[in-house]
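Chemist: Sequence and predicted structure are below.
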Amino acid sequence: MNTRKTFRMDGRTIPFEDGQSIIDAALAAGEYIPHLCHNPEFTPHGSCRVCTVDVDGRMVSACTQPAAEGQQVVNNSDPVNHYRRRLLQMLFVEGNHVCPGCEKSGACQLQAVAYYTGMLAPHFTHFFPRREVDASHPDTVIDFNRCILCELCVRASRDVDGKNVFSISGRGIQSRLIINSNTGRLGDSDYDRADKAASVCPVGAILPKHQGYEVPIGERLYDQRPISVVGDVAQAKQGDNGDG
Ligand code: SF4
Ligand code: FES
């Protein structure tokens with residue numbers, strides 16, 4: 001007899017283990033829930049809210065909400081995707097995301113999730129903040145204009161690299177990513193391009209130098225298959241195509 005616990009999502013039965021979040025159970029079952037600040041390798045952060053789902057009539061973050069027996073989850077509906085689009089639109093206008101000229105275009109999760117949810121326009125007025133580019137490190141450039149404050153680099157540097165190179169400073173609209181070095185510049189920190197933090201950025205804010213635009217248009221990560229099939233960068237690297 002199968003005694004695995006399950007919940008229902010968009011008409012499908014999703015099995016889960018005790019302690020598993022809704023998003024991790026869904027992804028393990030091959031069901032995509034859009035997300036940006038979530039990466040199964042790190043503790044959930046719950047900041048972007050793009051993973052919002054309707055659970056028994058309540059909008060909650062699927063990355064922080066534990067799965068529970070018998071839950072009714074709505075992932076792919078007009079109201080849920082409308083809510084996600086508004087969040088994505090806020091992210092787009094809050095920074096300076098110039099997709100056609102960005103090296104990460106075609107492999108950017110913000111762009112790919114915007115496509116997935118059917119976002120066609122920014123809706124809100126652009127803030128056009130003035131932010132710097134830090135090119136002080138020999139191997140890596142940081143473009144703060146593209147940072148969506150997901151804190152994946154913060155978590156990776158702290159929890160995997162054991163370095164604390166990155167932090168978030170300020171609150172609310174004043175929040176910004178900072179580098180922990182005497183000068184505030186990456187080149188003066190103990191960051192190394194082999195660090196885990198170098199490979200977790202879901203957008204084009206942390207980029208390797210000397211290899212921009214290496215992958216031609218048409219062959220980039222999300223050129224032929226959407227993020228709902230390819231998964232995020234972490235999944236794609238593991239060769240997981242999201243089917244199981
Ligand atoms: Fe997230 Fe990238 Fe910004 Fe770090 S630099 S907080 S990984 S968007
Ligand atoms: Fe769940 Fe960002 S992915 S809040």
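Modeler: Yes, it's here. Ligands and ions are numbered 1, 2, ... in the order given.
Chemist: downstream neighbour of the biggest helix by length in the chain in the secondary structure list?
Modeler: Using DSSP state H to define each element, the chain has its longest helix at helix 78-94. Counting by DSSP states H and E, the next helix or strand C-terminal to helix 78-94 is helix 109-117.
Chemist: Which residues does that next one contact?
Modeler: 34-36, 50, 81, 84-85, 88, 91-92, 97, 99, 104-105, 148, 202-203, 221-222, 226-228, 232-233 (CB atoms under 8 Å, 6 or more residues apart in numbering). Yep, even glycine has a C-beta here, placed from its N, CA and C like the rest.
Chemist: Also stretch 201-214?
Modeler: 36-37, 97, 102-105, 108-110, 135, 137-148, 150, 152-153, 177, 193, 197-198, 232-233.
Chemist: looking only at pLDDT, what's the mean for that stretch?
Modeler: Throughout stretch 201-214, pLDDT has a mean value of 95.
Chemist: and if you look at stretch 129-149?
Modeler: Here the average pLDDT along stretch 129-149 is 97.
Chemist: and that stretch, how far out from the chain's middle?
Modeler: Relative to its chain's centre, stretch 129-149 lies at 17 Å (CA atoms, centre = their mean, to the nearest Å).
Chemist: same check, this time on stretch 127-141
Modeler: 20 Å.
Chemist: How about it and ligand 1, any contact?
Modeler: No: using CB under 6 Å from any ligand atom, stretch 127-141 stays clear of ligand 1, with a minimum separation of 10.5 Å.
Chemist: what's the answer for stretch 106-126, then?
Modeler: No: between stretch 106-126 and ligand 1, judged by CB under 6 Å from any ligand atom, nothing touches; the nearest distance is 8.4 Å.
Chemist: Please see if that stretch touches ligand 2.
Modeler: No: under the criterion of CB under 6 Å from any ligand atom, stretch 106-126 makes no contact with ligand 2; the nearest approach is 9.7 Å.
Chemist: State the mean pLDDT of that stretch.
Modeler: 96.
Chemist: end to end, how far does that stretch reach?
Modeler: 22 Å (CA to CA, to the nearest Å).
Chemist: just stretch 144-158 next, same as before
Modeler: End-to-end for stretch 144-158, by CA to CA: 19 Å.
Chemist: what sits against the residue nearest in space to the middle of the chain?
Modeler: Central residue of the chain (CA atoms, centre = their mean): Leu36, 2.1 Å from the mean position. Applying CB under 8 Å, 6+ apart, we find Leu36 in contact with 48, 50-51, 91, 109-110, 113, 148, 150, 202.
Chemist: average model confidence for the longest helix of the chain?
Modeler: The predicted model assigns helix 78-94 a mean pLDDT of 97.
Chemist: close to ligand 1, is it?
Modeler: No: under the criterion of CB under 6 Å from any ligand atom, ligand 1 is not reached by helix 78-94; the shortest gap measures 9.7 Å.
Chemist: Quick check: buried residues in that helix?
Modeler: 80-81, 83-85, 87-89, 91-94 (16 or more other CB atoms under 10 Å).
Chemist: cool, stretch 60-79 as well?
Modeler: 60-65, 67, 71, 73-76.
Chemist: ok, of those, which one's closest to ligand 2?
Modeler: Ligand 2 lies nearest to Cys63 out of the buried residues of stretch 60-79, by CB to the nearest ligand atom, at 3.3 Å.
Chemist: which SSE is the closest one in?
Modeler: Counting by DSSP H and E, Cys63 is part of no helix or strand.
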